[in-house]
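Enquirer: Quick one, fold the following:
(chains A, B, C and D)
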Protein chains: 2
Amino acid sequence: MIPKELAAASSRPLVLAILAKGDDYGYSIIQRVKEASGGQIEWSEGMLYPVLHRLEKEELIRSFWKQTDNGRRRKYYRLSASGKRSLTVHRDQWNSVHKTLSQLWGTEPCFS
Amino acid sequence: MIPKELAAASSRPLVLAILAKGDDYGYSIIQRVKEASGGQIEWSEGMLYPVLHRLEKEELIRSFWKQTDNGRRRKYYRLSASGKRSLTVHRDQWNSVHKTLSQLWGTEPCFS
DNA sequence: TTGCTATACCTAGCGCCACTAGGTATATTG
DNA sequence: CAATATACCTAGTGGCGCTAGGTATAGCAA
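Expert: Numbers count the residues shown, from 1 in each chain, chains lettered A, B, ... in the order given. Okay, here's the model as predicted:
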């Protein structure tokens, strides 16, 4: 279980990172995060959708509707140019904090 | 500049990690964090003191007053047994998220 | 037919927490 | 005798995860 503060800090970077790999929609993003984290991170819909709406409002991502074969509709999101830039900023900030924490924990800092 | 969500996620782990190295007081903790982060993380007092009070309320840390030579008083904090346990939990949660992010960013995950 | 589950979207209200913007007090320095 | 650094505190605000609901379609089983 990931505490809410850590969830808040990682939600934007995670969504941006996933969309950097290709367009995706909400329900699928939740499953991807769970998969990528080995089941450690389990997002609720009530957590993700507001994040997506905020990112779209900030124009870091754009949305468009798509129909599947069986008629079910999905709202896909695509990373914008500024979203790509934002992703690297988030990554640098994260790594900066991670380096500090690793150092204090007495383990080797991770420069990746 | 570290965004507020990332600051929120790292404040507890950072304070616990610093106190794990020895007793310390508020004003000094702010400087230690700035130093340890290479100037990247600059905490305000209005951010740190509530954190310390919360941690004390949760009994993860304990406080005691001390007089310096020049007569100025300082409120020192010490990590409790449950605080030490909490530190490792925070570290594991952090590393879990970090591993996921690193993986999605396409860099080698950091297992430290 | 009638549920039940999975998929797929949405939001109002609550509570936590960083941050702003103040306040108090003492020691040092110009 | 101000200005700065040290050292503590807190009320109010806004952002955001989360709970707990809602809507709707597809597929499957009783």
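Enquirer: tell me the contacts of residue A:104?
Expert: Residues near residue A:104 by C-beta atoms under 8 Å, 6 or more residues apart in numbering or on different chains: B:14, B:17, B:18, B:20, B:21, B:36. The C-beta positions use only the backbone N, C-alpha and C, and glycine is treated the same way.
Enquirer: Just flag the most distant two among those.
Expert: B:20 and B:36 (12.7 Å; C-beta to C-beta).
Enquirer: about what we covered before: between the contacts of residue A:104, which is closest to DNA strand D?
Expert: Here the nearest of the contacts of residue A:104 to DNA strand D, counting by C-beta to the nearest atom of the strand, is residue B:18; it sits at 13.0 Å.
Enquirer: gap between that closest one and DNA strand C?
Expert: Separation of residue B:18 from DNA strand C (C-beta to the nearest atom of the strand, to the nearest Å): 15 Å.
Enquirer: just to confirm, which helix or strand has residue A:78 in it?
Expert: strand A:73-79 (DSSP states H and E).
Enquirer: wait, residue A:16 sits on residue A:79?
Expert: Yes - counting by C-beta atoms under 8 Å, residue A:16 touches residue A:79, with 6.6 Å between them.
Enquirer: Just give me the neighbour total for residue A:34.
Expert: Around residue A:34 sit 15 other residues, with neighbours defined as other C-beta atoms under 10 Å in any protein chain shown.
Enquirer: now residue A:42
Expert: Other residues close to residue A:42 by other C-beta under 10 Å number 14.
Enquirer: That one: what secondary structure?
Expert: coil (DSSP: H, G, I helix; E, B strand; the rest coil).
Enquirer: quick one on the thing from earlier: report the buried residues of the strand holding residue A:78.
Expert: Neighbour counts over strand A:73-79 (16 or more other C-beta atoms under 10 Å in any protein chain shown) mark A:76, A:77, A:79 as buried.
Enquirer: Just the element for the residue of chain A found nearest DNA strand D, please.
Expert: Closest residue of chain A to DNA strand D, C-beta to the nearest atom of the strand: residue A:46 (2.4 Å). Per DSSP H and E, residue A:46 falls inside helix A:45-57.
Enquirer: Using CSV, list the CA coordinates for that helix.
Expert: Taking Å, rounded to 0.1, in the frame of the first residue of the first chain, the C-alpha atoms of helix A:45-57 are listed here in CSV:
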residue,chain,number,x,y,z
GLU,A,45,-10.7,5.5,-10.7
GLY,A,46,-11.6,8.3,-8.4
MET,A,47,-7.9,9.1,-8.1
LEU,A,48,-6.9,8.8,-11.8
TYR,A,49,-9.7,10.6,-13.6
PRO,A,50,-9.2,13.9,-11.8
VAL,A,51,-5.4,13.6,-12.5
LEU,A,52,-6.1,13.1,-16.2
HIS,A,53,-8.5,16.1,-16.3
ARG,A,54,-6.0,18.3,-14.6
LEU,A,55,-3.2,17.3,-17.0
GLU,A,56,-5.5,18.0,-19.9
LYS,A,57,-6.5,21.4,-18.4
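Enquirer: Remind me what it packs against, helices and strands.
Expert: Here helix A:45-57 touches helix A:4-20, helix A:26-36, strand A:61-67, strand A:73-79, going by 3 or more C-beta pairs under 8 Å, 6 or more residues apart in numbering or on different chains; DSSP states H and E.
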